[in-house]
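> Fold the following for me, if possible:
(one chain, ligands or ions: 3)
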Amino acid sequence: MIDFAGLRDNLKLRARADAAWRKVVPRPQQVHISITDRCNLSCEHCDIWMKPVPGEVPIERWKEVVDECREWLGPFTLKIVGGEPLLKEGVVELIAHAKERGCRVGLSTNAIPLSNPDRAQEMVDTGLDEIHISLESFTPDHHDQIRKRAGAHARTVKAIGELTRRRTHLQVSLATVVCQQNLDELLKMVDFVRDHGLYTVNYQPLYANFGRPFDPRWYETSPYFPRDVDKLDAVLDRLVEIRTAEWLVGNTVNQLQMMKVYFRNPNADDQVVCKAGDDDIAFDPYGNLKMCFWLDPVGNIRDEQPKAAYWSEEARERRREVRSCTRNCNLLNCNFDRERFGEALWTRLGIGAARG
Ligand SMILES: C[S@@+](CC[C@H](N)C(=O)[O-])C[C@H]1O[C@@H](n2cnc3c(N)ncnc32)[C@H](O)[C@@H]1O
Ligand code: SF4
Ligand code: SF4
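Residues are numbered from 1 along each chain as shown. Ligands and ions are numbered 1, 2, ... in the order given. This next block holds a predicted model:
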């Protein structure tokens, strides 16, 4: 039985403490750059690859943006995403540039190009801190079916091997979308992480397709939306236990618990305040500064510096929109519940672990 009221109280309490924390820590703390919409796959649950691609910002300008953010924010966390970021010419130089300036750098990728040993070595040599590799299933056919490319599974798994056998400080994690097709395999992903010496697996709740206009009833027709919610509850309960015992699961306990609510009704009012545009900002491949993927941009780094765009009147207005937004994509990993104080501390104080 899920204690929804307790869970919400817990999250509200944390939101108040986080608001106090924000007053003393410079923000944003995390900068996402989506450097291309191009992709080498055409996954069924993602429309980003369908978008037109003229006018991407060149890597030289992104290096300047890193410098401008470094001057504004001090050392910050840079997350490089896409499309498939490894298709962008110069991505390796951008990562190395950010590392030289003291940033923590993460990359989200399907990793297929890193199945080439030379490219894997080149990536490791940049000093990249964390890499999140999408793997939907152990069963090659299941993965390839979701990712719409025969052989995708084999190349991604080969890339994981190329990275881990080099035994560097790079944290290699899996990113796995929770969907109907992999319900029976979600727990086994933890075994994969343990057996291959990876860092964590981060489960991403399936959401409406990125890159198409939002339809609030999207899940009713989605072939990927999990229908077997009782089975999913049992999996999520087990993941909570694993998270608490071993930390091989990257999601917080609260996020895993909220997924139970979400998958029963993706439009439920979860009362979780979205952090987009406050702690996190995002640039699209064309230089637009966005508070979140879905809302209109507030400026463009072709015309102004990130700091000016972040503090503009338009950005303040957009932050008001974020605070009143009732959508549930705040459950996605990039927006949910990052642990400023560390989940262990919250748990020790008796307010971090979900009750239920
Ligand atoms: C948009 S991709 C970009 C990076 C890279 N191309 C990849 O696939 O890892 C980042 C992550 O978002 C996930 N994703 C894509 N569409 C999604 C959706 N509709 N709901 C939830 N996650 C989604 C992908 O599976 C991937 O783990
Ligand atoms: S999820 Fe990643 S690999 Fe798949 S189409 Fe979207 S951007 Fe490409
Ligand atoms: S919950 Fe609203 S503000 Fe937050 S990421 Fe989703 S659409 Fe954007």
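
> which bits of the protein sit near ligand 2?
39, 41-43, 46, 48-49, 82-84, 110 (C-beta under 6 Å from any ligand atom). Glycine gets a C-beta too; all of them are placed from N, C-alpha and C.

> Identify the farthest-apart pair in those residues.
When C-beta to C-beta is used, the two most widely separated members of the residues of the chain next to ligand 2 are S42 and G82, lying 13.3 Å apart.

> Show me how far stretch 64-76 is from its chain's centre.
Per C-alpha atoms, centre = their mean, to the nearest Å, the displacement of stretch 64-76 from the mean C-alpha position of its chain is 21 Å.

> swap in stretch 107-117?
For stretch 107-117, the distance between its averaged C-alpha position and the chain's averaged C-alpha position is 17 Å (C-alpha atoms, centre = their mean).

> Please identify the buried residues of that stretch?
By neighbour count with 16 or more other C-beta atoms under 10 Å, stretch 107-117 contains the buried residues 107-115.

> Kindly report the same for stretch 214-231.
By neighbour count on 16+ other C-beta under 10 Å, the buried set for stretch 214-231 is 218-219, 222, 224-226.

> Turn those into JSON lines, including distance to ligand 1 and pLDDT.
Compiled in JSON lines, the buried residues of stretch 214-231 are given as follows (distance: C-beta to the nearest ligand atom, whole Å; pLDDT from 0 to 100):
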{"residue": "W218", "distance to ligand 1": "9", "pLDDT": "92"}
{"residue": "Y219", "distance to ligand 1": "10", "pLDDT": "93"}
{"residue": "S222", "distance to ligand 1": "9", "pLDDT": "92"}
{"residue": "Y224", "distance to ligand 1": "8", "pLDDT": "93"}
{"residue": "F225", "distance to ligand 1": "10", "pLDDT": "95"}
{"residue": "P226", "distance to ligand 1": "12", "pLDDT": "95"}
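
> what sits against Q180?
The contact partners of Q180, taken as C-beta atoms under 8 Å, 6 or more residues apart in numbering, are 223-228.

> 6 Å - rerun?
Under the criterion of C-beta atoms under 6 Å, 6 or more residues apart in numbering, the neighbours of Q180 are 224, 226-227.

> And the residues you listed, which is closest to ligand 3?
For the contacts of Q180, the minimum distance to ligand 3 (C-beta to the nearest ligand atom) is 19.0 Å, reached by Y224.

> The closest one is in what secondary structure piece?
Y224 belongs to no helix or strand when assigned by DSSP states H and E.

> buried sites along the lengthiest strand in the chain?
Among all segments of the chain classified by DSSP state E, the strand with the greatest residue count is strand 171-178. Within strand 171-178, the residues that count as buried by 16+ other C-beta under 10 Å are 172-178.

> May I have it as PDB, with CA atoms only?
Coordinates of the C-alpha atoms in strand 171-178 are reproduced here as PDB (Å, rounded to 0.1, in the frame of the first residue of the first chain):
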ATOM      1  CA  GLN A 171      31.700   6.400 -14.200                       C
ATOM      2  CA  VAL A 172      29.800   4.300 -16.700                       C
ATOM      3  CA  SER A 173      26.000   4.100 -16.000                       C
ATOM      4  CA  LEU A 174      23.100   2.600 -17.800                       C
ATOM      5  CA  ALA A 175      20.000   4.600 -18.700                       C
ATOM      6  CA  THR A 176      16.900   2.400 -19.100                       C
ATOM      7  CA  VAL A 177      13.500   3.600 -20.100                       C
ATOM      8  CA  VAL A 178      10.800   1.900 -18.000                       C
END
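
> about what we covered before: for S42 and G82, indicate the residue with more neighbours.
Taking neighbours as other C-beta atoms under 10 Å, S42 and G82 compare with G82 leading, 23 against 13.

> ok now do the more buried one, which residues does it touch?
For G82, the residues meeting the contact criterion (C-beta under 6 Å, 6+ apart) are 34, 36.

> Need the phi and psi values for the residue nearest to I133 when sequence neighbours are not counted.
Ranked by C-beta to C-beta, 6 or more residues apart in numbering and with sequence neighbours excluded, the top spatial neighbour of I133 is A111, at 4.5 Å. The phi and psi values for A111, taken as degrees, to the nearest 10, are phi 70, psi 0.

> May I have the residues that are in contact with A111?
Counted by C-beta under 6 Å, 6+ apart, A111 has contacts 133, 156, 159.
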